[in-house]
Every structure is written in C-alpha cells, then in structure tokens.
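# no sequence on this one, just coordinates:
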Ligand SMILES: Cc1ncc(C[n+]2csc(CCOP(=O)(O)OP(=O)(O)O)c2C)c(N)n1
C-alpha cells in the first residue's frame, strides 16, 4: 500500500517527537521514561505533548536517577515492554553506565538468546551550544566499545524521524545519540511514510525490523578525490566542506556513517577504493575514537588503493573545554578542509 | 514572642505528604520554625537555645547576607538575559536556607555545594564575581576550593554526597572530631536538592557516613521542584525520613526561616564536631525563580502556587521582624546602596571578561606530562600559528 507523501517541514527535535508518536501508535508496548519528559516535554521539547496524548503510564516522568531509568527499563523489557529512555544530557548518562554495560548489553548473551532487550536510550549529545560542563560531550565510543549495544546517530530531521522508529523496532538495545546542536535544523519529512518505506518490515533474509536500515551508511555526495566520513553533528560540516572544496575543483565523497556500532565498513571501503583517501570527522576525541576504528578497518581492506594515510579531525584528548573556547575545540570547516588538503598532499 | 506549634500545614509547605503525627520539636515530623512568616519570634523547646544569642546586630547581619545574595543573584539573572552569561540558576527564595545554615559553620568546616548555593558561597567569603565564571563558560570551576573550604559546584546531581562522606572519613583520620577544641573539630556539608535524593550516590553517601559515623551534614533544600518534577514524585514520604532510614538523626526546618536554619545547622554541627556522626536536614523552601534561565516554569506550575510562596518570602519576614525590634530605615537604605554597588561590580566585572587563551584547554588535564596531550597541544599550536603566518586558508 502506498500513501500520498505528507510533507511537513520540521526541526529535528520535532521530527523525533513525531517518530516517537508514530512508534507509540504502532505498538502499545512502547513507552517513554526520563526526567522532565512529561508536562515539560523534555528540556529540548522532544517529548512535547506526548504525555498529554498517551497518558502518564506510557510517558513517565521518573525520579531523578539515570541508573534507575535504565535499570527499570531493563525490568520493563523483561516484562515485555519497549522502553525508550531519555537521558537529559550526554554527561549525565554515566550514573547509568553500570546498568548499560553490565546488564543491558549482556542480557541477550547471558540468556543464550532467549531474552531480547528492545530498549532505546536517547541521548542529546555534542557541543557548540555554549553550555556548562557535562552538557556538550560525545561519549559514543565508550558505548560502541561495549559489545551488545547498537550505537546510532541521525544527522537530519528526516533521518531522525526514520531512525528513531527503526531503533524502537530493533530487538537489540540502541544508544540513540541526537546531535543537540542540530535540533533546530529544519527539513521536509514525510510524516505518513508507511512501515515499508520506514524500513520497519522484517527483511526477506530474516533481518529484524529496523535493523537493516539502521546500520547502513549513506553516501551523500558522490566524489572522486577524497572520502569524508562523518556522523551526527559533523555531517553538515562535511557537506559544507564538499561544497567549498568543489568550488576549488576538488571532488569530495561525503558519507554519513549513521551507525557507529556496527560500522558500515563496506560502504566506506567501496568509496575509499575509488578515492584512495579518507578523512574521518567527529566531535568526540580522536584518541581511541570511532575514527581510529574506521581508519584501521579501512586500511585493512583498502591498503593497496590508498594514496594517503587516513586522517582524523576531531576532539582533543582533553575534557570538553569551557564554552568560551569550544569553537577552537570543535572540528571546524577549516580543519576539515585542512585535512582534505593534507591528504591530497601525499 | 509567641509560642506555637508551627508544623504550618499549608497546601504547599510540604508537598510530600506527612503520614506521621507531629509529636513536637525534636521529632522529624515537626518543622522547626523560630520566626513566623509574619515576622514573630517563636519559642521552640529544642532549638530556641541555639539561636537565643542572635541579637539585633546578628540578625541584621543575616538580613544583609540574604539581601546581598539576592541582589547578586538578580544581577546574574539579568546578565544572562543580556547575553553575558550562558546560563544562570537563580537561588531566589532560598536565601534563608543557604545563609542561615552557612552562618552556623566554622571556618574549618568544608562545603560541597551543588550549583545553586550562591548564598552559601557568599557566607564562605567567595568573591561572588567568580561565581559568574562557570556560567559564562570561561572556567569550569572559578575559585580555589581549599582557600574558602567551599568547593566549586558539582553539576552531576548528587555525586558530591559521596565526596562529603569521604571528606568526613578524612577528618576522622586526622583526629579532628571530638577534641572539644572549637578551632580544631571539623565537619563537612553536602548541599543538594529534593531531586538529588533519588540519586544512588546520595543514598550511598548516607550509607557511608552512617556506617562510620562520619562528621557529615546532608543539607537538602527541598525547594519543591526538580526542574519540572515535583518533590512528591521523588518520595512518598517526607524527605526527612530518608535520613532516618539510614539511621541518621534527621530534622526538618522551615527553610524560609533564617534563624531556624541557623539553629538546626548549629545543632547538627555540634553533633558532627563532637563525634556524634552525620545529620540529615530537610529545609523546606521554594525555588521562586525558574530552574535556570533556560527554563519555563509556566509549563508545569501554577501562578497561585508561586504567589503562595511569595507570601512566605524569607527576606520579608526577617525585615518585618527587624523593624519590630527597632532596626531603622537607615539600615535598609545603606544596605540597598551596598547591594547596588555589589550588582554594579558584578556587571562591570562580567562585561570586562575576555576570552581565555584557547590553548589553555590542554592545561591541567593531568598533573604530570602526558604524551597524548603534548601531541595534541603541539598540533593545535602549529595549526593556530598557520593562521598567523597566513599559510592556512
Ligand atoms: C546526574 C544528573 N542528571 C540530570 C541532570 C540535569 N538536571 C540538572 S538540575 C536537575 C534537577 C535537580 O533538582 P534538585 O535536586 O531538586 O535541585 P534544584 O535544581 O531544585 O536545586 C536536573 C535533572 C544533572 N545535572 N545531573
């Protein structure tokens, strides 16, 4: 069945709100839990009006305890529910780190595959909003390093709308990192896209609903000189770099990784086989970051096609600095273009 | 002076319903009050003795602390509105809980605050202007914690309850409890909110402090709201009973009564200093402003509620009392001028702040050299220099 596209121009925060709404309408077991997500609608208003429309049994303002939120979500999943947890800010996920890494990530393994943990943990992350400490971090690598968790991050409103529904459909736990600096970016989305279009139907090869769509990287601009892989908040920077470089006669192939665990090595390797060069961009520190893993994996696959070492543009091995100097810390357009130049210099 | 039972049952004074009878002062179901909302002194069988020595000059001092705190807080809120600060969490309405409790401290006592304790910072002698540095995004801290025995804010809710427990264990190991020497015995205070009581770290902090009878005061300002979540969502019982559950002597106080806050803290400190172990204090107060300047309270609470608490303003009641015992208009006029000056100083200081050197982000990550930091720093330095040389694009 195909429906007429119902295009609505919305900001990313609203797109996620609409995605949550669709998921809750689709499955009565889906419920939301977190701090201030009820009457306030979350500090970023992502859950705006959902408690009013779905009631406080399905949209739960929890006590102030992240370990409690995730631990209780695990119990709810045992009882057959599909909790979507909101962690208010990246830096406040750590009280829940124990529940996420020792329990959530391992229940399926421990149970010999008998118990699934279809839990989504939504985390506004990343910097650039002038915030105080703990409100600008990018801790995705810590979770990608933990087997049993899927880690994804949308870069645009339409991606966010689709991916949140795919994450909720996933039988595996998903860390859903939302680039908070992009919450206000607007785009047209098809709010009535059907389940097939949203990738929510089980694949012909038995791939669980949601999962196939979630783990694929997307090639955003086709190019021949350098592959630039980015995700979340840095995708927009990478696209700008491609435009600017294009004006100077350099052709960049921008890839939105979308998923950090797993990493879609195939898509990146195919691109690098063509371009011979790779620059990886993320806000998180490069030291032991997603870019390091991607660099190693791509080098293993594409060594004979490569014209230059993989370069990384990202955060330094420091805590996230004070807001006054965050622009110097964040991977800027200049730094991406510099890396592109450097990789072309080999 | 009037003598009355002041459990003060009002629709909002204690949103977490009490299921226990108030058996009078000394019972945790009693709310200690020494100054009524209308400004009359109240006699309390247990706590009056702790505050009887506060003469008019001392009370004027407390009023001054609160008035200056409020003026500074208001200035900071407007500095945020003018774009000079990224964020500000106002302490409006909580001045009595903060100033009263802090004035009972001795210089050698240590404080772990959360982010709203501007009145405590003032009493501890922190240069108030330094409070702006964190919220301007210029520093993560702002001052030397050990210089004032007052730590910089902990923004992760509840974490510091455990730090206080550990600090108390340190005091015990130094032998600085129960010596009877006023200048030697020490204690430590953790300030946190009603929401924080739900965090595991706060429970663990109480478990640890109770287990070893550490000289720790858990000072919970129940300001009724954790952003948009009412205190009743955090606890089915009055918060003061949380302390009791851990075997910690506990007391609830009218947090808008600066004299009572002073008195209950004085008692708790005496217990801690003398080796009697921890105390849990629930100061019932109200966050009259927004959670922070980013917050919109109209989404979750009523004007009527705000108005109810405005009637219980901690400054107004002490002012009424002071006027009744002879403090003249000239005191308030002079104080206003002093407050104006404080606000003015904060404003000009804040506006004059420059941006820190970007390379400072690499400083202090470790106490010793670390090769990864040095690599990143060297890269950054070269990169910055490339702009100066006009080499980079
Ligand atoms: C671990 C953690 N989770 C969430 C937050 C976000 N947050 C900041 S303040 C706050 C509410 C705190 O309420 P309460 O403890 O009552 O203190 P109040 O702000 O009312 O003084 C929340 C949820 C945080 N800072 N730390």
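Thanks, I have it. These numbers were taken from a predicted model, which means no experiment stands behind them.
# packing partners of the strand or helix carrying residue A:69?
Following DSSP states H and E, one finds residue A:69 within helix A:66-78. Under the contact criterion of 3 or more Cβ pairs under 8 Å, 6 or more residues apart in numbering or on different chains; DSSP states H and E, helix A:66-78 touches strand A:30-34, strand A:82-86. Glycine gets a C-beta too; all of them are placed from N, C-alpha and C.
# the residue in the stretch 201-350 of chain B positioned nearest to chain A - how many residues pack around it?
Proximity of the stretch 201-350 of chain B to chain A (Cβ to the nearest Cβ) peaks at residue B:228, 3.7 Å away. Residue neighbour count, defined by other Cβ atoms under 10 Å in any protein chain shown, stands at 23 for residue B:228.
# does it touch residue B:299 like I think?
Yes: Residue B:228 sits in contact with residue B:299 when judged by Cβ atoms under 8 Å, with a separation of 6.7 Å.
# residues in contact with the residue of the stretch 151-300 of chain A found nearest the ligand?
Checking the stretch 151-300 of chain A residue by residue against the ligand with Cβ to the nearest ligand atom singles out residue A:180 as nearest, at 13.5 Å. Taking Cβ atoms under 8 Å, 6 or more residues apart in numbering or on different chains, we find residue A:180 in contact with A:44, A:124, A:125, A:126, A:129.
# change it to 6 Å
When contacts are counted by Cβ atoms under 6 Å, 6 or more residues apart in numbering or on different chains, residue A:180 is found next to A:124, A:126.
# same deal with residue B:151?
Taking Cβ under 6 Å, 6+ apart as the criterion, residue B:151 is in contact with B:112, B:145.
# on the three-state scheme, residue A:219 is what?
strand (DSSP: H, G, I helix; E, B strand; the rest coil).
# which residues does it bridge with?
On the basis of DSSP bridges, residue A:219 takes part in beta bridges with residue A:255.
# double-check it against residue A:255; I have them as touching.
Yes: with the criterion set as Cβ atoms under 6 Å, residue A:219 and residue A:255 qualify as a contacting pair; they are 5.5 Å apart.
# neighbour count winner among those two?
The residue with more neighbours, out of residue A:219 and residue A:255, is residue A:255; 27 against 15, by other Cβ under 10 Å.
# so what pLDDT did the more buried one get?
Residue A:255 is assigned a pLDDT of 98 by the prediction.
# repeat for residue B:393
We have a pLDDT of 48 for residue B:393.
# what of residue B:28?
Looking at residue B:28, the pLDDT reads 76.
# same check, this time on the one 4 residues further on
In the prediction, the pLDDT value recorded for residue B:32 is 98.
# got the contact list for it?
Counting by Cβ under 6 Å, 6+ apart, residue B:32 makes contact with B:47, B:253, B:260, B:264.
# filter those by proximity to the ligand?
Residues shared between those and the neighbourhood of the ligand: none [Cβ under 6 Å from any ligand atom].
# can you pull up the most central residue in the chain?
Let's take chain A. Nearest residue to the geometric centre of chain A (Cα atoms, centre = their mean): residue A:153, 0.8 Å.
# correction: the question concerned chain B.
Mean-position check on chain B, Cα atoms, centre = their mean. Result residue B:117 at 3.2 Å.
# is the ligand contacted by the biggest helix by length in chain B?
For chain B, the helix reaching the highest residue count under DSSP state H is reported as helix B:56-81. No: contact of helix B:56-81 with the ligand (Cβ under 6 Å from any ligand atom) is absent, the minimum separation being 13.1 Å.
# and the residue of chain B found nearest chain A, what does it touch?
Using Cβ to the nearest Cβ, residue B:137 is the residue of chain B that sits closest to chain A, at 2.7 Å. Contacts here follow Cβ under 6 Å, 6+ apart; on that basis residue B:137 touches A:130, A:322, A:323, A:324, B:86.
# could you save those as JSON lines and add columns showing pLDDT and secondary structure?
As requested, these are exported to JSON lines (pLDDT from 0 to 100; DSSP: H, G, I helix; E, B strand; the rest coil):
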{"residue": "A:130", "pLDDT": "97", "secondary structure": "coil"}
{"residue": "A:322", "pLDDT": "98", "secondary structure": "coil"}
{"residue": "A:323", "pLDDT": "98", "secondary structure": "helix"}
{"residue": "A:324", "pLDDT": "98", "secondary structure": "helix"}
{"residue": "B:86", "pLDDT": "97", "secondary structure": "coil"}
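# helices of the chain, residue ranges please.
Just going to use chain A. A:12-26, A:50-54, A:66-78, A:97-98, A:107-110, A:140-144, A:157-169, A:211-214, A:235-247, A:265-275, A:290-302, A:326-329, A:333-344.
# think we crossed wires, I meant chain B
B:48-51, B:56-81, B:95-103, B:118-123, B:131-136, B:145-148, B:159-173, B:200-211, B:240-245, B:258-273, B:303-310, B:314-324, B:329-352, B:371-388.
# now do stretch B:57-64: distance to the chain's middle.
Stretch B:57-64 has its C-alpha centroid displaced from the chain centroid by 18 Å (Cα atoms, centre = their mean, to the nearest Å).
# next, the buried residues of that stretch.
B:59, B:60, B:62, B:63, B:64 (16 or more other Cβ atoms under 10 Å in any protein chain shown).
# I'd like those as a markdown table, with distance to residue A:92 and pLDDT appended.
What follows is those, written out as a markdown table (distance: Cβ to Cβ, whole Å; pLDDT from 0 to 100):
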| residue | distance to residue A:92 | pLDDT |
| --- | --- | --- |
| B:59 | 40 | 98 |
| B:60 | 42 | 98 |
| B:62 | 35 | 98 |
| B:63 | 37 | 98 |
| B:64 | 37 | 98 |
